[in-house]
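Trainee: Would you be able to build a 3D model of this:
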Amino acid sequence: MLDPMQAECRSTFTTLHEIRIPGILRSVAGLILLGLVTLVAAFYFTPWVQTTAGNGLVNSLDPRDREQEIHALVGGRIQEWYVRDGSSVKAGDPIVRIIDNDPLLLERLEAERAAQQRKLESARIATQTARLDYDRRLALYNDGLVSRREFEDASIRWEELKAAQAQAEADLQRAQVNLSRQSIQEVVAPRDGTILRLAAGDIATSIKEGQTLATFIPDNVTRAVELSIDGRDIPLVQPGRKVRLQFEGWPAVQFSGWPSKAIGTFGGVVAVVDQSAKANGRFRVVVVEDPDDQPWPDGHYIRFGAKVRGWVLLDTVRLGYELWRRLNNFPPNFASETTAANGTASE
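Mentor: Model (predicted):
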C-alpha cells in the first residue's frame, strides 16, 4: 500500500514512475563485481617470488683473472716493442725491451762486481792470516812468552778483519743485485692473454722503474658479476641465493616474480656480499655461474666490463602481499620479521 504522499507523487510525476535501471548497466555491474572477485582471488592464491634487482658489470672473482697493468722493471728507454694493441701472447713472450740511458752501464756493473769479488777474496785471505796469528799468539801467551797486550792486539786485528770480510760480502751481494736488476731489460707476459693497450713510447721516451707500459687481460678466466643492491634489501641477500642475470646485448624477456617463465636469462649464485656500503649507500654483491643452470654465453659475446641486470631471488609470497609491500615500501621479509619479533617478545 502506498501512502497518500507517494500516490500523489506518482499521479503528478508520471515520468519518474516509468524510470527503470537499464539492463546493460546490470550486466556491467555484474562483470565489475566478477572481476573484483577474480582479482582478489588472484591476489590471494597467485604465488610470487620476491626479488631485489641491481645493475652491475662482468668481472672476475679471482683478482689474478682481472685486467692488470704491466710495469717497467728498470728505468731507461724503450728500445723495441714486440706486440701491438690486441696482440695475443703466451706466458713468457716478450712485450718490450728496455735499454738504460747509459749504454755502458752493464759493463760498469760487471767491472764493479769483479772488483768487489777481488776485494772479498783479499779480505778472506787477510782474515785467515789474522786467525793464524791469533792462534799462535794465544799459544805463546799461555806459555808466558808474549805479553797480554800483544795477544789482545792480535785478537782485535782478527775481529776487525772479520768485519771487513762481512762488509766485502755485503758489497758483493749489492753489486750482484744491481747487475741482475739492470740485466732484466725484457718485460714478458705473465701468462696467456691479450694486450689491451700499450703506452706510447719509442727510443726517445724515458721511463721510470714501475711505470705502466701495457694493460693486459688473461685468457681462460672464471667470470663473475658484480651487482649493486639497495641497502634496504641487502639483509636477505646471502651467499648461496639464486640469481637471474640479463646480459647487455643478449635478447631476453624477464618476469621478475616468475623466474621459471623468463627467456634469455642465465642463472647465478651469490658468492660474496660486501659488509660495507659504497658511497651511494648500495652494497656490492658478487655472483658466480650457477653449476645447476645453463652455462653463461661465451666470452666472445659477454666480455669483461659488459653491463648486467640481475635479480636476486628471495622468498615466495602471495601476489597481494607483494603489491601491498611495494606500495608501503617495506623490505621483502617485513611480515616474517614482525612475526619473529612478536614471538621473541612473547617468550
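
Trainee: so where do the strands sit in the stretch 151-300 of the chain?
Mentor: Here the stretch 151-300 of the chain has its strands, by DSSP state E, counting those that start in this stretch, at 186-188, 193-198, 206-207, 212-218, 223-230, 242-247, 266-273, 282-289.

Trainee: Give me whichever of the ones you listed is most buried.
Mentor: When those are scored by mean count of other Cβ atoms under 10 Å, the highest mean neighbour count falls to strand 242-247 (a mean of 23). Placement of C-beta: from N, CA and C, glycine included.

Trainee: Relative to residue 82, which of the strands of the stretch 151-300 of the chain is closest?
Mentor: Relative to residue 82, the nearest member of the strands of the stretch 151-300 of the chain by Cβ to Cβ is strand 186-188, separated by 8.5 Å.

Trainee: Now do that closest one: distance to the chain's middle.
Mentor: Per Cα atoms, centre = their mean, to the nearest Å, the displacement of strand 186-188 from the mean C-alpha position of its chain is 27 Å.

Trainee: So which elements touch that strand?
Mentor: Counting by 3 or more Cβ pairs under 8 Å, 6 or more residues apart in numbering; DSSP states H and E, the packing neighbours recorded for strand 186-188 are strand 94-99.

Trainee: Can you tell me which helices and strands the strand it packs on packs against?
Mentor: Under the contact criterion of 3+ Cβ pairs under 8 Å, 6+ apart, strand 94-99 touches strand 76-81, strand 186-188, strand 212-218.

Trainee: hmm, 6 Å instead?
Mentor: Packed against strand 94-99, as judged by 3 or more Cβ pairs under 6 Å, 6 or more residues apart in numbering; DSSP states H and E, are the following elements: strand 76-81, strand 186-188.

Trainee: Go through the ones you listed and name the closest to residue 50.
Mentor: Closest approach to residue 50 among the helices and strands packed on strand 94-99 (Cβ to Cβ): strand 186-188, 51.1 Å.

Trainee: Relative to the closest one, what are the paired strands and their orientations?
Mentor: strand 94-99 (antiparallel) (DSSP bridges).

Trainee: Tell me the confidence at the residue lying closest to residue 293 once chain neighbours are set aside?
Mentor: Leaving out its chain neighbours, the residue that sits closest to residue 293 by Cβ to Cβ, 6 or more residues apart in numbering is residue 267, at 2.8 Å. With respect to pLDDT, residue 267 has a value of 88.

Trainee: Hmm, residue 267 is touching residue 290, no?
Mentor: Yes - contact criterion Cβ atoms under 6 Å: residue 267 and residue 290 qualify, at 3.5 Å.

Trainee: circling back to that earlier point, select from the strands of the stretch 151-300 of the chain the stretch with the lowest mean pLDDT.
Mentor: Sorting the strands of the stretch 151-300 of the chain by mean pLDDT places strand 206-207 lowest, at a mean of 78.

Trainee: Any chance you could list what contacts it?
Mentor: Residues from elsewhere that reach strand 206-207 (Cβ atoms under 6 Å, 6 or more residues apart in numbering): 72, 77.

Trainee: for the strand or helix carrying residue 124, packing partners?
Mentor: If you go by DSSP states H and E, residue 124 is part of helix 105-142. Applying 3+ Cβ pairs under 6 Å, 6+ apart, one finds that helix 105-142 contacts helix 148-183.

Trainee: And the helix or strand where residue 57 lies, what's buried?
Mentor: If you go by DSSP H and E, residue 57 is part of strand 47-60. Under the neighbour-count criterion of 16 or more other Cβ atoms under 10 Å, strand 47-60 has 48, 49, 50, 51, 52, 53, 54, 56, 58, 59, 60 buried.

Trainee: Please state the offset of it from the chain centre?
Mentor: Distance, stretch centre to chain centre, for strand 47-60: 17 Å (Cα atoms, centre = their mean).

Trainee: pLDDT averaged over it - what is it?
Mentor: In this model, strand 47-60 has an average pLDDT of 85.

Trainee: Which SSE is immediately downstream of it?
Mentor: strand 68-71.

Trainee: still on that earlier bit, now for the buried residues of strand 47-60, which pair is the farthest apart?
Mentor: Maximum pairwise distance among those (Cβ to Cβ): 33.7 Å, between 48 and 60.

Trainee: in this structure, which ranges drop under the pLDDT threshold?
Mentor: Counting by pLDDT under 70, the chain contains low-confidence residues at 1-3, 5-21, 100-106, 178-184, 203-204, 251-263, 329, 331-347.

Trainee: domains for it, by residue range?
Mentor: Domain assignment for the chain by automatic domain parsing gives 4-45, 48-64+221-318, 67-100+188-220, 101-184.

Trainee: now the end-to-end length of the first one.
Mentor: Length of domain 4-45, first residue to last, Cα to Cα, to the nearest Å: 55 Å.

Trainee: Contact partners for residue 274?
Mentor: Contacts of residue 274 (Cβ under 6 Å, 6+ apart): 283, 284.

Trainee: Same check on residue 205?
Mentor: Per Cβ under 6 Å, 6+ apart, neighbours of residue 205: residue 78.

Trainee: Next: the one 5 residues further on.
Mentor: When contacts are counted by Cβ under 6 Å, 6+ apart, residue 210 is found next to residue 71.

Trainee: gap between it and residue 40?
Mentor: To residue 40, residue 210 is 69 Å away according to Cβ to Cβ, to the nearest Å.

Trainee: what's the answer for residue 129, then?
Mentor: Note on residue 129: its distance to residue 40, by Cβ to Cβ, is 108 Å.

Trainee: circling back: are there helices or strands packed against the strand holding residue 57, and which ones?
Mentor: If contacts are counted by 3+ Cβ pairs under 6 Å, 6+ apart, strand 47-60 sits against strand 223-230, strand 307-318.
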